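Colleague: Quick one, what's the 3D model for this:
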Amino acid sequence: MPKAQETVLEIDLSALTQNYNYLKSKLQPETKFLAVVKAYAYGSDSVELAKHLQKLGADYFAVAYTQEGIALRDAGVTTPILVLHPQSLNAETLIDRCLEPSIYSARLLNDFIAVAEQRGQKNYPVHIKFNTGLNRLGFDEKDVESIVSQLKATTAVQAKSLFSHLAASEDLEEKDFTEQQIKTFKSITENFKTKSGTEPWLHLCNTSGIINYPEAHFNMVRSGIGLYGFGNSEEEDKNFKPIASLKSVVSQIHDVEKGKSVGYNRAYTSNNNERIATIPIGHADGISRIYGNKKGFVFINGEKAYIIGNVCMDMIMVDVTDIHCKEGDEVIVFDATHKVNDLAESAGTISYEILTALSQRIKRVFIP
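Modeller: Predicted structure coming up:
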């Protein structure tokens, strides 16, 4: 790739293919693969990545909100799409756009069945979400009988799958907790199948679950962060390749005399005569103010340059006093070598937060 001359997010589709194939290699041939492309495919581009994953053979996609599913349908994505967090008012739209809802509460189940019946649907696929310990969304085990009763009373919908979400599958110190979640999920789903007389698909594992708990792959697995190049452990990260590289450029270099302040609120004062580079990326692009005052950094000509002062809406300033550079030089915020995990850890957060916060105004460049 040529050097960046503006702020760009380069997205490596061959790395996406590599990550997909690695995850698939962990599965039995009959196990289906659901690719999570919510939040603009973790800050990249949900449409382009879904199209690529569709060509690779992904069996399902998942998004968080109904509007995300609509965007994929409008772009011509035909693979089944699970909407993980729909609301009752979305029911008609879900049906109109062939989007399959996660049903996680009695209210949503009642409302969706009512709309599906009004629209004359027959066996419309829904996915029943159970809470096994994350305590975020989902029915409890005690709800199985009432859910089955409602499903038996209608022909408008059918349970395509039963699923839950692991809370700490990446943390092997929490193995007992995860194994209890798996046990609970098995108990719930056996109870459901016995009472309903049906055999819905089962899915529980996220990326770390795929890697650490092969016994819990069931009929389908879900992967988000793994597709984008992260294995949730140092050892597993070696098997993945980050697909995104965030790059920018040195717009201007200032010589700042000792005792002079830099940026808003005079948050930084130079200790010596210093060289300060200004870069066109800021908190409106997803580089939060938390990275200011030397918590965050970028790389210029292979050297780490710390962010000084407060992060501005459209700019950051970095200390390049000891770095040989000039205006127009490329700046790397993160890439496959300069890990986003390291930048995240410097500010006490996680890679997910940086990736999903990347503004859509940043130009996306796709590498085949």
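Colleague: So which residues of the chain form helices?
Modeller: 13-24, 38-43, 46-56, 66-74, 91-96, 106-118, 144-152, 175-196, 207-212, 234-237, 340-346, 351-357 (DSSP state H).
Colleague: who does the fifth one touch, helix- and strand-wise?
Modeller: Identification of packing neighbours for helix 91-96 by 3 or more Cβ pairs under 8 Å, 6 or more residues apart in numbering; DSSP states H and E yields helix 66-74, strand 100-103, helix 106-118. The way it works is simple: take the backbone N, C-alpha and C, and place the C-beta from them, glycine included.
Colleague: got the angle for the last one vs helix 144-152?
Modeller: Looking back up the chat, that one is helix 106-118. If you take axes from the mean of the first three to the mean of the last three Cα atoms, to 10 degrees, helix 106-118 sits at 10 degrees to helix 144-152.
Colleague: which residues does Asn131 contact?
Modeller: By Cβ atoms under 8 Å, 6 or more residues apart in numbering, the contact list for Asn131 reads 137-140, 164.
Colleague: likewise Ser105?
Modeller: 137, 139.
Colleague: Quick check, pLDDT for it.
Modeller: We have a pLDDT of 98 for Ser105.
Colleague: That one and Arg222: what is the separation?
Modeller: The spacing between Ser105 and Arg222, counted by Cβ to Cβ, to the nearest Å, is 20 Å.
Colleague: ok, now Ser351?
Modeller: 18 Å.
Colleague: for Glu235, same thing?
Modeller: To Arg222, Glu235 is 22 Å away according to Cβ to Cβ.
Colleague: show me what contacts the residue most central in space within the chain?
Modeller: For the chain, the residue nearest the mean C-alpha position is Tyr42 (3.6 Å; Cα atoms, centre = their mean). By Cβ under 8 Å, 6+ apart, the contact set of Tyr42 is 224-225, 228, 352, 355-356.
Colleague: redo that, cut-off 6 Å
Modeller: 228, 355-356 (Cβ atoms under 6 Å, 6 or more residues apart in numbering).
Colleague: now do Glu174
Modeller: Ala168.
Colleague: which one of Glu235 and Arg222 has more residues nearby?
Modeller: Arg222 (25 against 8; other Cβ atoms under 10 Å).
Colleague: wait, doesn't the more buried one sit right on Leu34?
Modeller: Yes: at 4.4 Å, Arg222 counts as touching Leu34 under the criterion of Cβ atoms under 6 Å.
Colleague: what separates the residue nearest to Asn271 when sequence neighbours are not counted from Lys186, distance-wise?
Modeller: In space, and not counting its chain neighbours, Asn271 is closest to Lys258: 6.7 Å by Cβ to Cβ, 6 or more residues apart in numbering. As for Lys258, its distance to Lys186 is 67 Å (criterion: Cβ to Cβ).
Colleague: And for Phe230?
Modeller: To Lys186, Phe230 is 28 Å away according to Cβ to Cβ.
Colleague: do the same with Val36
Modeller: Counting by Cβ to Cβ, the gap from Val36 to Lys186 is 23 Å.
Colleague: now Leu227
Modeller: Taking Cβ to Cβ, one finds Leu227 at 27 Å from Lys186.
Colleague: next one: Asn273
Modeller: Asn273 sits 67 Å away from Lys186, going by Cβ to Cβ.
Colleague: got it, and Ala168?
Modeller: Going from Ala168 to Lys186 by Cβ to Cβ gives 18 Å.
Colleague: likewise Lys304?
Modeller: 48 Å.
Colleague: Can I get the helices of the chain in CSV including distance to Ile243?
Modeller: Formatted as CSV, these follow (distance: least, Cβ to Cβ, whole Å):
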stretch, distance to Ile243
helix 13-24, 4
helix 38-43, 9
helix 46-56, 8
helix 66-74, 18
helix 91-96, 29
helix 106-118, 34
helix 144-152, 38
helix 175-196, 27
helix 207-212, 14
helix 234-237, 13
helix 340-346, 11
helix 351-357, 10
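Colleague: Stretch 119-138 - what's its average pLDDT?
Modeller: Stretch 119-138 shows a mean pLDDT of 98.
Colleague: to the chain's geometric centre, what's the distance from that stretch?
Modeller: Stretch 119-138 sits 21 Å away from the centroid of its parent chain (Cα atoms, centre = their mean, to the nearest Å).
Colleague: Same question for stretch 62-82.
Modeller: Remark: stretch 62-82 is offset 15 Å from the chain centroid, using Cα atoms, centre = their mean.
Colleague: for the record, mean pLDDT for that stretch?
Modeller: 98.
Colleague: again, but for stretch 226-237
Modeller: 90.
Colleague: Give the buried residues for that stretch.
Modeller: For stretch 226-237, burial by neighbour count (16 or more other Cβ atoms under 10 Å) applies to 226-232, 236.
Colleague: End to end on it, go ahead and measure it.
Modeller: One end of stretch 226-237 to the other measures 9 Å (Cα to Cα, to the nearest Å).
Colleague: what comes into contact with it?
Modeller: Under the contact criterion Cβ under 6 Å, 6+ apart, stretch 226-237 has outside partners 19, 23, 35, 42, 170, 207-208, 211, 240-243.
Colleague: Just give me the closest of the residues you listed to Ile147.
Modeller: Among the contacts of stretch 226-237, Ala35 lies closest to Ile147 (Cβ to Cβ), at 27.1 Å.
Colleague: follow-up on the earlier one: have a look at Asn273 and Lys186 and say which one is more surrounded.
Modeller: Counted by other Cβ under 10 Å, Asn273 and Lys186 do not tie: Lys186 has more neighbours, with 15 against 12.
Colleague: Distance of the more buried one relative to Ala336?
Modeller: To Ala336, Lys186 is 38 Å away according to Cβ to Cβ.
Colleague: where does this structure dip in pLDDT?
Modeller: In the prediction, the chain carries no residues with pLDDT under 70.
Colleague: For stretch 161-181, buried residues please.
Modeller: Buried-residue list, stretch 161-181, by 16+ other Cβ under 10 Å: 161-167, 169-170, 178, 181.
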